[in-house]
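>>> pasting a predicted model and its sequence here:
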Amino acid sequence: NAGVMQNPRHLVRRRGQEARLRCSPMKGHSHVYWYRQLPEEGLKFMVYLQKENIIDESGMPKERFSAEFPKEGPSILRIQQVVRGDSAAYFCASSPGQGAYGYTFGSGTRLTVV
Amino acid sequence: AQTVTQSQPEMSVQEAETVTLSCTYDTSENNYYLFWYKQPPSRQMILVIRQEAYKQQNATENRFSVNFQKAAKSFSLKISDSQLGDTAMYFCAFMKRGSSGSARQLTFGSGTQLTVLP
């Protein structure tokens, strides 16, 4: 079992470009969560998805950010027209049920906007 | 809304000694879960220990144990026989217990950087 796989590990984008972050959950896990970690801070919830459904996106910025978890393939977090303030580590996590036993996290994608 | 506070940004401990990391939280919920995660330099978030609020007994996982004081809303982590590999950032986290999707958010504290000294 390969765990939660995130790629790329590091991503550099110029201001105004699009960033696409990928997350493949653990085998057998149907619940996916995205969190953002700004420098020197804890993780902040962004969105919770199940296959083909967004369950809770209360932590997502209203503009430029979107997430999906299609029937086939990885979950994608998309950030359009990136700005310097989007620079952060983005973590994906998955769970088999609704996370009451804790999630399994990926190693994160560090996004740097230059 | 829930808040989680970790008042110790940095701590250090000698190898083989015991250290306690503090965490307090604020919630109006009665049923919830509490977690400690560690984040070593590799950046991977690793679950250390979990506590269910309705259980009186403190959770224990090998060298890691918690002191859960529900009335005081306190959830400290004790690491016994500290090892060099315990050096990491430690995050306390809260999750509501419920059936709605929003109940599955983890709310994290700001973290405590623990350094184990040889």
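All right, it came through fine.

>>> residues contacting residue A:33?
Counting by CB atoms under 8 Å, 6 or more residues apart in numbering or on different chains, residue A:33 makes contact with A:45-49, A:92-95, A:99, A:103, B:104-106. C-betas here are computed from N, CA, C, even on glycine.

>>> can you redo the residues you listed as a markdown table with pLDDT, distance to residue B:19 and secondary structure?
What follows is the contacts of residue A:33, written out as a markdown table (pLDDT from 0 to 100; distance: CB to CB, whole Å; DSSP: H, G, I helix; E, B strand; the rest coil):
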| residue | pLDDT | distance to residue B:19 | secondary structure |
| --- | --- | --- | --- |
| A:45 | 95 | 28 | strand |
| A:46 | 96 | 32 | strand |
| A:47 | 96 | 35 | strand |
| A:48 | 93 | 33 | strand |
| A:49 | 94 | 37 | strand |
| A:92 | 96 | 30 | strand |
| A:93 | 95 | 27 | strand |
| A:94 | 93 | 31 | strand |
| A:95 | 89 | 29 | strand |
| A:99 | 69 | 28 | coil |
| A:103 | 86 | 25 | coil |
| B:104 | 78 | 31 | helix |
| B:105 | 86 | 29 | coil |
| B:106 | 91 | 23 | coil |
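
>>> from residue B:89, how far off is the closest residue to residue B:72 other than its chain neighbours?
Take residue B:72 and drop its neighbours on the chain: the residue closest to it by CB to CB, 6 or more residues apart in numbering or on different chains is residue B:24, 7.7 Å away. As judged by CB to CB, to the nearest Å, residue B:24 and residue B:89 stand 18 Å apart.

>>> just want to know which of these two has more residues nearby.
residue B:89 (21 against 17; other CB atoms under 10 Å in any protein chain shown).

>>> list the helices and strands the helix or strand hosting that one packs on?
Using DSSP states H and E, residue B:89 falls within strand B:88-96. When contacts are defined as 3 or more CB pairs under 8 Å, 6 or more residues apart in numbering or on different chains; DSSP states H and E, strand B:88-96 sits against strand B:3-5, strand B:32-39, strand B:74-79, strand B:107-108, strand B:112-117.
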